[in-house]
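Visitor: Provided below are the primary sequence and the corresponding predicted coordinates.
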Amino acid sequence: MHNRRSDALDEVFEHFLHGSNIFREREVLTHDYIPEKFPHRESEIRYLGEIVAPALRGSLHSNVLIYGKTGTGKTAVMQFVLSSLTHKAKELGSPMKVCFLNCRLSGTEYRIFSSLCNAISVRVPFTGLALAEVFDRFREGLESTKMALVVVLDEVDAIVKSRGDFLLYELTRINENLGQSKISIVGISNDLRFKEFLDPRVLSALSEEEVIFNPYNADQLRDILMDRARLAFQEGILSEGAVKLCAALVAAEHGDARRALDLLRVAGELAEREGAQSVLEEHVRRAEKRIEHDRVGEVLKSLPTHSKVVLLSVCILNRANVRHSITGDIYNVYCELCEESDIAPLTQRRVSGLINELDVIGLLNTRVVSLGRYGRTKKIHLGIPKTFIRNILCQDERFAPLFEYVPRCLTAYPTE
DNA sequence: TGTCCACTGGAACGTACGGCTT
DNA sequence: AAGCCGTACGTTCCAGTGGACA
């Protein structure tokens, strides 16, 4: 047993050490790689360059809003433009600085302001200060630097949707109180309806210029993939069919180039692992399944305990041939499962909220229905296979026995 | 036509926590 | 040490609702 295992591993390690015969440079296909060329984005690059150029003289440039769905190259293009800008600014000794922030990753207005402070070397604590205090320190710090600051807020819609537009309102007004320094804002949004969430004053200040990144079509995706593939793969390894399929599969969805690159990378990894001589269409098809499987698995594992119990409750009702369970039934089963495993149950209101969250991430599908005299509720069914949920949740020993549990409330349940 | 069910979903509030300022 | 702040997660309260049923 031991020998067999070490032989197998030995082969894996040897294979690794002798270098990949598929990849030349795998990193080229990862998300954080910024390429030198952006096929089909030349005009956007030029336009953005024209907009931010005044920063080179230390003066204000127009605020910009960039729209586009995920994987249309907004972030990468902007980073590319900014790195060229800072490079040029260094050459010229221009009094400017760039601060690139991802609002979704930062999470809160406080953290965004504190990142802005860090960008201009003002130290603020992780927490503890009033938001207004952090903002004041930022403004004072900025004023003393006497420079133009370009603030790029990536995924700005995330912060506006969850916290309102206080942050943008303050930032767009800050120039009124600055004498020596200036700040220009570039907002990047995935959501085209993002404007609806903004105060009209903020909107007009922010969208002096607008740039829209349209999704890539299959031909454009193919060009992008070919470009990267030349760097990423060994010569002659990648079949043209595989590239075409990647482009076609992704274009049929939302034209997300990031996803296309993922697909190509995973296809390459699959081919590599089985020692294939080339990356074929079949590898791409398997990669597509693998990516989806992994994504859902990760989401499931990272779910909070109560959400897992809710999901489990839906599984149990599903097992009892209740195809569309309703909130009340799920809550009953949920309470029993909590009792069974010594977890303090949450209120129905909270559970109803958890069900909504599970709906948003696609693990459940819900629909509000009215059953007339029998009230208004939600019909809920699983968004992914029961066996898959079982496989993942059973890795937690608390949940494994619960899958076999037969709830008391079910015995009285009228089957559909 | 009015009643009434079983919720939905918004809003306000409570509690715990980490970490700052004074 | 006390007071405050933002954040996360939860509870409590309650008006609103679509449609079957009497």
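Guide: Okay, I see it. Residues are numbered from 1 along each chain as shown, chains lettered A, B, ... in the order given.

Visitor: skip the chain neighbours and tell me the closest residue to residue A:116.
Guide: Distances taken as CB to CB, 6 or more residues apart in numbering place residue A:138 nearest to residue A:116, at 5.3 Å, with adjacent residues excluded. (Each C-beta comes from the backbone N, C-alpha and C, glycine too.)

Visitor: which residues touch that neighbour?
Guide: Taking CB atoms under 8 Å, 6 or more residues apart in numbering, we find residue A:138 in contact with A:113, A:116-117, A:120, A:122.

Visitor: please redo it, this time with the cut-off set to 7 Å
Guide: Residues counted as contacts of residue A:138 (CB atoms under 7 Å, 6 or more residues apart in numbering) are A:113, A:116-117, A:122.

Visitor: gap between the helix or strand harbouring it and the chain center?
Guide: In this structure, residue A:138 sits in helix A:131-145 according to DSSP states H and E. Relative to its chain's centre, helix A:131-145 lies at 30 Å (CA atoms, centre = their mean, to the nearest Å).

Visitor: list the buried residues of it.
Guide: When neighbours are counted by 16 or more other CB atoms under 10 Å, the buried residues of helix A:131-145 are found to be A:134-135, A:137-139, A:141-142.

Visitor: among those, which one sits closest to residue A:94?
Guide: Relative to residue A:94, the closest of the buried residues of helix A:131-145 is residue A:142; by CB to CB it sits at 16.2 Å.

Visitor: need the residues of the stretch 101-250 of chain A near DNA strand B, please.
Guide: A:125-129 (CB under 7 Å from any atom of the strand).

Visitor: what's the first helix or strand after the helix or strand hosting residue A:381?
Guide: Assessed by DSSP H and E, residue A:381 sits inside strand A:376-382. Moving toward the C-terminus from strand A:376-382, the next helix or strand (DSSP H and E) is helix A:386-393.

Visitor: thinking again about what came up before, tell me if the strand holding residue A:381 is near DNA strand B.
Guide: Yes - Strand A:376-382 reaches DNA strand B (CB under 7 Å from any atom of the strand) through A:376-378.

Visitor: phi, psi for whichever residue of chain A sits closest to DNA strand C please.
Guide: The minimum distance from chain A to DNA strand C, using CB to the nearest atom of the strand, falls at residue A:372 (1.5 Å). Main-chain dihedrals, residue A:372, degrees, to the nearest 10: phi 60, psi -120.

Visitor: what sits against it?
Guide: Applying CB under 7 Å, 6+ apart, no residues contact residue A:372.

Visitor: likewise residue A:185?
Guide: Residue A:185 neighbours (CB under 7 Å, 6+ apart): A:63, A:151, A:153, A:171-172, A:206.

Visitor: please redo it, this time with the cut-off set to 8 Å
Guide: A:63-64, A:151-153, A:168, A:171-172, A:206.

Visitor: now it, nearest residue through space, not along the chain?
Guide: Leaving aside its chain neighbours, residue A:185 sits nearest to residue A:63 (4.6 Å; criterion: CB to CB, 6+ apart).

Visitor: how is chain A divided into domains?
Guide: By the assignment in automatic domain parsing, chain A contains the domains A:42-213, A:216-300, A:303-410.

Visitor: format the ones you listed as a markdown table; extra columns: mean pLDDT.
Guide: Below are the domains of chain A laid out as a markdown table (pLDDT from 0 to 100):
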| stretch | mean pLDDT |
| --- | --- |
| domain A:42-213 | 86 |
| domain A:216-300 | 92 |
| domain A:303-410 | 91 |
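
Visitor: in JSON lines, list those along with distance to residue A:31.
Guide: Formatted as JSON lines, the domains of chain A follow (distance: least, CB to CB, whole Å):
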{"stretch": "domain A:42-213", "distance to residue A:31": "9"}
{"stretch": "domain A:216-300", "distance to residue A:31": "6"}
{"stretch": "domain A:303-410", "distance to residue A:31": "20"}
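
Visitor: surely residue A:310 and residue A:355 touch.
Guide: Yes - between residue A:310 and residue A:355 there is a contact at 6.3 Å, judged by CB atoms under 8 Å.

Visitor: between those two, which contacts overlap?
Guide: Joint contacts of residue A:310 and residue A:355 (CB under 8 Å, 6+ apart) are residue A:330.

Visitor: using PDB, write out every CA atom in stretch A:233-251.
Guide: Taking Å, rounded to 0.1, in the frame of the first residue of the first chain, the C-alpha atoms of stretch A:233-251 are listed here in PDB:
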ATOM      1  CA  PHE A 233       1.500  27.000 -24.000                       C
ATOM      2  CA  GLN A 234       4.300  25.100 -25.600                       C
ATOM      3  CA  GLU A 235       4.300  25.400 -29.300                       C
ATOM      4  CA  GLY A 236       1.800  23.300 -31.200                       C
ATOM      5  CA  ILE A 237       0.200  21.900 -28.100                       C
ATOM      6  CA  LEU A 238      -3.100  23.700 -28.300                       C
ATOM      7  CA  SER A 239      -5.500  22.600 -30.900                       C
ATOM      8  CA  GLU A 240      -7.400  25.300 -32.800                       C
ATOM      9  CA  GLY A 241     -10.600  23.500 -32.000                       C
ATOM     10  CA  ALA A 242     -10.000  23.900 -28.300                       C
ATOM     11  CA  VAL A 243      -9.600  27.600 -28.600                       C
ATOM     12  CA  LYS A 244     -12.600  28.000 -30.800                       C
ATOM     13  CA  LEU A 245     -14.700  26.000 -28.400                       C
ATOM     14  CA  CYS A 246     -13.500  28.100 -25.400                       C
ATOM     15  CA  ALA A 247     -14.400  31.200 -27.200                       C
ATOM     16  CA  ALA A 248     -17.800  29.900 -28.400                       C
ATOM     17  CA  LEU A 249     -18.800  28.500 -24.900                       C
ATOM     18  CA  VAL A 250     -17.900  31.800 -23.200                       C
ATOM     19  CA  ALA A 251     -19.400  34.100 -25.900                       C
END
